[in-house]
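Visitor: what follows is a protein structure lacking sequence information:
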């Protein structure tokens, strides 16, 4: 370490110690939830590890489903049970709906533009109303399902071509490309990824880069006093955000020009819907806000949907009986040669069960996006202090043995005849969160996921890439903000 870095570390340490002394001397004693004893200055950072969803689930077995840790100087409450999640996401939702903002998200002021991150406010309520009422309502999604049907046929055609040559396909990459085109056609009525470009790979890298940077440990997030003297994450994210915003800016500008042409026919896509609202003198929905909304939609939508599809296929390859049951159900409901329609999903309970079981074992975001207490809140006899960060461990809840029999096993049957869904009402299964901060795009995500998964297993048999045995498949994950399968899943499609 050179002298300048040493001096910087000494200065940082001195500032932290002084702040620590001030906080300790002025704080009012409160009955915080139990947790491991923090070290001076760094708190419990060493207890977290590189797979925090697992390490904190193990700590919860010792200290309980509501647990307090000190991550640097940030008081953090870890929620690890369905009952405690209900307290946070429903009972005290109003007081616990703010966000702690990762410093990286200051890039392009996304903390002020991204719907997932902006404070609960008039602007946020208006955006949520637009999403729920006009973008992701059943009526809106039904109106543009033809474009998703077309993209699904393209997925099957490309997969069939690989089956003719015996070429293995990268399930994750195929999922990203298809999801990206499903989304871009729903939003812009065009493909963002086509056969003449590597946009799918580029977008996968951009979205993955954003998730990595947001999920990466950042000194400023743990020691907020350093924000002004140690800018870190925002600088790294600027490049990724710039690429996306440039794409969206061009598409929006082009559409605005087309709308000025006499005889322009309004499309049924999301962009025209938003521009119509914006044109009605909406003060909350300018071009910059629309771009911020699209950043959240495309990054979260492609990452989480593609990741979940890859996990589902990996689990089915290791559970051939479940795969066989799914194929038989599809055979009975869908006539051979016919595509799966969105209206068919309701008649495919076993396929739905597979998706739910995948969400349970492999939630795309193991910790729900962080919340922050706007006031002191009492839960289960403990005080969540104002300003504390709250992390809900959806991964731990999905594997809670008090909720789930054989909690670590892939058993779709557990959901047959069950009323449990992913709409935020059943707190034992919350891949999209719950309460007012539930992901507004989940209706579109679940439609896309069922269509892609059902189509791939209905139209093809599968074998792993040459030389790979089922028992050798790795089901380890790697974590950024999302949970990816550690080794890309490659398999050869065989026409049925």
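Guide: Alright, I've got the coordinates. All of these numbers come straight from a predicted model, not from anything done at the bench.

Visitor: which parts of the stretch 251-400 of the chain are helices?
Guide: With DSSP state H, counting those that start in this stretch as the criterion, the stretch 251-400 of the chain has helices at 270-279, 287-318, 320-333, 349-361, 394-398.

Visitor: pick the most deeply packed of those.
Guide: Ranked by mean neighbour count, the helices of the stretch 251-400 of the chain are led by helix 394-398 with a mean of 26 (mean count of other Cβ atoms under 10 Å). (Each C-beta comes from the backbone N, C-alpha and C, glycine too.)

Visitor: what's the angle from the helix or strand following that helix to helix 270-279?
Guide: On the C-terminal side of helix 394-398, the nearest following helix or strand under DSSP states H and E is helix 442-459. Helix 442-459 and helix 270-279 are oriented at 170 degrees to each other (axes from the mean of the first three to the mean of the last three Cα atoms, to 10 degrees).

Visitor: helix 320-333 and helix 442-459, what's the angle between them?
Guide: 90 degrees.

Visitor: now helix 442-459: how far from the chain's centre is it?
Guide: Centre-to-centre, helix 442-459 and its host chain are 17 Å apart (Cα atoms, centre = their mean, to the nearest Å).

Visitor: in its sheet, what does the next helix or strand after that helix sit against?
Guide: Counting by DSSP H and E, the next helix or strand C-terminal to helix 442-459 is strand 460-464. Next to strand 460-464 in the sheet, as set by DSSP bridges, lie strand 490-495 (antiparallel).

Visitor: next, the buried residues of the partner strand.
Guide: Neighbour-count burial for strand 490-495, with 16 or more other Cβ atoms under 10 Å as criterion, is recorded at 490-493.

Visitor: ok, of these, which one's closest to residue 410?
Guide: For the buried residues of strand 490-495, the residue nearest residue 410 by Cβ to Cβ is residue 491; the value is 17.1 Å.

Visitor: so what's that closest one closest to, chain neighbours aside?
Guide: Taking Cβ to Cβ, 6 or more residues apart in numbering, and ignoring the residues beside it in sequence, residue 491 has residue 462 as its nearest neighbour in space, at 4.8 Å.

Visitor: again with residue 145
Guide: residue 342 (5.3 Å).

Visitor: for the one you found, give me its contacts.
Guide: 141-142, 145, 148, 447, 451 (Cβ atoms under 8 Å, 6 or more residues apart in numbering).

Visitor: for residue 452, see how far away it is.
Guide: For residue 342, the distance to residue 452 equals 12 Å [Cβ to Cβ, to the nearest Å].

Visitor: give me the low-pLDDT residue ranges for the stretch 251-400 of the chain?
Guide: Within the stretch 251-400 of the chain, the segments meeting pLDDT under 70 span 281-283.

Visitor: ok, residue 318 to residue 475 distance?
Guide: Counting by Cβ to Cβ - residue 318 and residue 475 are separated by 7 Å.

Visitor: who's in contact with the residue nearest to residue 294 when sequence neighbours are not counted?
Guide: In space, residue 294 comes closest to residue 248 once its chain neighbours are excluded; the distance is 4.9 Å by Cβ to Cβ, 6+ apart. Taking Cβ under 8 Å, 6+ apart as the contact definition, residue 248 lies against 290-291, 294-295.

Visitor: where does residue 248 fall, helix, sheet strand or coil?
Guide: helix (DSSP: H, G, I helix; E, B strand; the rest coil).

Visitor: where do the strands sit along the stretch 1-150 of the chain?
Guide: 66-71, 74-79 (DSSP state E, counting those that start in this stretch).

Visitor: pick the most buried one from the ones you listed.
Guide: Between the strands of the stretch 1-150 of the chain, strand 74-79 has the highest mean count of neighbours, a mean of 25, where neighbours are mean count of other Cβ under 10 Å.

Visitor: for that strand, packing partners?
Guide: Strand 74-79 sits against helix 52-63, strand 66-71, strand 389-392, with contacts defined as 3 or more Cβ pairs under 8 Å, 6 or more residues apart in numbering; DSSP states H and E.

Visitor: among those, which comes closest to residue 382?
Guide: Smallest distance to residue 382 across the helices and strands packed on strand 74-79 (Cβ to Cβ): 6.1 Å, for strand 66-71.
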